[in-house]
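Undergrad: Here is the input, now give the coordinates:
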Amino acid sequence: MSSTSPTAPRTAQGGSWPVLLCWLAVALDGFDLVVLGAVIPTLTKTQALGFDPGSLTTAATVGLVGVGIGAVAIGPLTDRFGRRASLMTCIAVFSVLTLAIAWAPNIATFVALRFLSGLGLGACLPTALAYMTEYARPGRRGSAVTQMMTGYHAGAVLTAVLAIVVVPEFGWEAMFAVGGVAGLLTLPVMWAKLPESSAFLEARGKAASAAEQPVRPSALLRGRLLRVSLGIWVASFMGLLLVYGLNTWLPQIMGSAGYSTGDSLGLLLALNLGAVAGLLLAGRVSDAHGNKRTVLLWFGVAAVFLALLSVKLEATAVVYAAVFLAGVFVFSAQVLVYAFVGHLFAAEVRGTALGLAAGVGRLGAIVGPFLGGLLVSAGVAYPWGFYAFSVAAVLAVLSLVFVPAHLREDRS
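TA: Numbers count the residues shown, from 1 in each chain. Just a heads-up that it's a prediction; the model follows:
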């Protein structure tokens, strides 16, 4: 273990500013989750730029592909050049290109800018995760990561609320302008208040020592570490498949079950409120009982609750409670995967490991809505959609069972 005292990182790394700034970086991810969906009705109604359902689907998918590529690509860069410079660069790229979308003259430019801005956005999350893992006090890393990820849901909710006011008054373009400007406004504060991660600086110092050779990022793709990485990647894929699949299709599936449209939309809100509660709870449990044990429990319980949702419930309060509890475990299970990665891997390769986990997970974010769409189109979304999502959670458990709880003694 490092000899650094538990209170030293906060003194050396700028008090509470890193917490706030990483939270804001993750909130930008929440903005991007919602913003396209928030403007799709207007784009469809006005046929702005010539959009139709097919081209809008392309724009949504291409954006997620960019996010996945950005997540994978940033890992080696943040491990080489540092967390601070990488995070600021990613936010700058995302913000400038998102701002440019407001002036896109045609569909091709719109889609290209969504892809390119996705590269920057995808790189933000693993970098912020690496920074927060290293910034947190020993024994508090699970809570630090899960609390930071509440920014994701806060950003999504605030963007949805903002769209209600902004889009009718100023048009769809204003939403992308607001997102781009918000990102740009964080950069001067980051420049002034976000120091480099002390764990990264320590790891770089070790790399300069001839007596101690650090783990290279390529080692994650060989031997024992490859087996560990594969288990993590499958869990991350399944986790984001659940998050995006449920967020996209829960109202439709519950409608197919006979619940009213109003109830279906309310259940989506209950699901996301459960997500926030789950994030606050999961980190504390993980800190107290260990990363691996907690993430296995969370995915296992998520599988049970998802399967139970296939049972038609008559009491409205019971239905809302069941969906809320599913949200508690489904959403935070994915975040616990990130916390587990941060715990397992040394600082020299932590950014790369997190980037790969997030990047592979983004493929699940594409597959989840696609799978739900297939089941809806086939007319079997209820109950088979819940069975399929439950199986995904079980596969996440199986993929993590054989991942060791620890890889090394020094988990700086």
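Undergrad: contacting residues for Val323?
TA: Residues near Val323 by C-beta atoms under 8 Å, 6 or more residues apart in numbering: 250, 267, 270-271, 274, 309. Quick note: C-beta positions are derived from backbone N, CA and C, even for glycine.
Undergrad: By pLDDT, give me the weakest of these.
TA: Confidence by pLDDT is poorest for Leu267 among these, given 72.
Undergrad: With secondary structure added, can I get the contacts of Val323 in JSON lines?
TA: Below are the contacts of Val323 laid out as JSON lines (DSSP: H, G, I helix; E, B strand; the rest coil):
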{"residue": "Leu250", "secondary structure": "helix"}
{"residue": "Leu267", "secondary structure": "helix"}
{"residue": "Ala270", "secondary structure": "helix"}
{"residue": "Leu271", "secondary structure": "helix"}
{"residue": "Gly274", "secondary structure": "helix"}
{"residue": "Leu309", "secondary structure": "coil"}
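Undergrad: So which of those is the closest to Leu158?
TA: Leu271 (17.6 Å; C-beta to C-beta).
Undergrad: Look at that closest one and say how many residues are nearby.
TA: 23 (other C-beta atoms under 10 Å).
Undergrad: cool, the one 10 residues further on as well?
TA: Using other C-beta under 10 Å, Leu281 has 16 neighbouring residues.
Undergrad: now Leu279
TA: Applying other C-beta under 10 Å, I find that Leu279 has 24 neighbouring residues.
Undergrad: Not counting sequence-adjacent ones, nearest residue to Leu309?
TA: Nearest non-adjacent residue to Leu309, counting by C-beta to C-beta, 6 or more residues apart in numbering: Phe386, 4.7 Å away.
Undergrad: Show me the helices in the protein, by range?
TA: For the chain, the helices defined by DSSP state H occupy 8-12, 17-46, 53-81, 83-101, 107-135, 141-170, 172-193, 198-207, 223-256, 261-289, 291-308, 316-344, 347-377, 381-401.
Undergrad: Tell me which of these sits nearest to Leu407.
TA: Across the helices of the chain, closest to Leu407 is helix 316-344 (C-beta to C-beta), at 5.0 Å.
Undergrad: Which residues in that closest one does the neighbour count mark as buried?
TA: 319-320, 322-344 (16 or more other C-beta atoms under 10 Å).
Undergrad: Next, the angle from that helix to helix 291-308.
TA: Using axes from the mean of the first three to the mean of the last three C-alpha atoms, to 10 degrees, the inter-axis angle of helix 316-344 relative to helix 291-308 is 150 degrees.
Undergrad: for the record, mean pLDDT for helix 316-344?
TA: The model assigns helix 316-344 a mean pLDDT of 85.
Undergrad: Likewise for stretch 157-167?
TA: Stretch 157-167 comes out at a mean pLDDT of 80.
Undergrad: quick check, distance from that stretch to the centre of its chain.
TA: Stretch 157-167 sits 21 Å away from the centroid of its parent chain (C-alpha atoms, centre = their mean, to the nearest Å).
Undergrad: pLDDT weak spots in the chain?
TA: Where the chain drops to pLDDT under 70, the residues are 1-15, 197, 199-201, 203-219, 260-265, 268, 408-412.
Undergrad: let's go with 50 and repeat that
TA: By pLDDT under 50, the low-scoring segments of the chain are 1-13, 210-212, 261, 409-412.
Undergrad: Could you tell me which residues make contact with the spatially closest residue to Arg141 that is not a sequence neighbour?
TA: Computed as C-beta to C-beta, 6+ apart, the closest residue to Arg141 that is not its neighbour in sequence is Thr133, at 5.5 Å. Counting by C-beta under 8 Å, 6+ apart, Thr133 touches 141, 144-145, 339, 342-343, 350.
Undergrad: related to what we said a few turns ago, now render the helices of the chain as TSV, adding distance to Leu407.
TA: Shown next, in TSV, are these (distance: least, C-beta to C-beta, whole Å):
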stretch	distance to Leu407
helix 8-12	21
helix 17-46	24
helix 53-81	16
helix 83-101	21
helix 107-135	14
helix 141-170	15
helix 172-193	31
helix 198-207	15
helix 223-256	7
helix 261-289	17
helix 291-308	11
helix 316-344	5
helix 347-377	10
helix 381-401	14
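Undergrad: neighbours around the residue nearest to Leu309, how many?
TA: Neighbours around Phe386, by other C-beta under 10 Å: 24.
Undergrad: again with Val394
TA: Counted with other C-beta under 10 Å, the neighbours of Val394 add up to 17.
Undergrad: Look up how far Leu296 lies from the nearest residue in space to it that is not next to it in sequence.
TA: Excluding the flanking residues, the one nearest Val394 by C-beta to C-beta, 6+ apart is Ala303, at 4.9 Å. For Ala303, the distance to Leu296 equals 11 Å [C-beta to C-beta, to the nearest Å].
Undergrad: The two: which has the busier surroundings?
TA: Each of Ala303 and Leu296 has its neighbours counted (other C-beta under 10 Å); Ala303 has more, 24 against 21.
Undergrad: residues contacting the residue nearest to Val394?
TA: Ala303 touches 390-391, 393-394, 397, counting by C-beta under 8 Å, 6+ apart.
Undergrad: at 10 Å what do you get?
TA: For Ala303, the contact set (C-beta atoms under 10 Å, 6 or more residues apart in numbering) comprises 242, 326, 329-330, 333, 389-397.
Undergrad: mind checking how far stretch 305-325 is from the chain centre?
TA: 25 Å.
Undergrad: for stretch 42-51, same thing?
TA: That offset, for stretch 42-51, works out to 29 Å (C-alpha atoms, centre = their mean).
Undergrad: Now the terminal residues of that stretch, how far apart.
TA: Start-to-end span of stretch 42-51 (C-alpha to C-alpha, to the nearest Å) is 10 Å.
Undergrad: Report the contact partners of Met132.
TA: 18-19, 22-23, 25-26, 83, 141, 144-149, 197, 338-339, 342.
Undergrad: rerun at 6 Å
TA: Contacts here follow C-beta atoms under 6 Å, 6 or more residues apart in numbering; on that basis Met132 touches 22, 144-145, 148.
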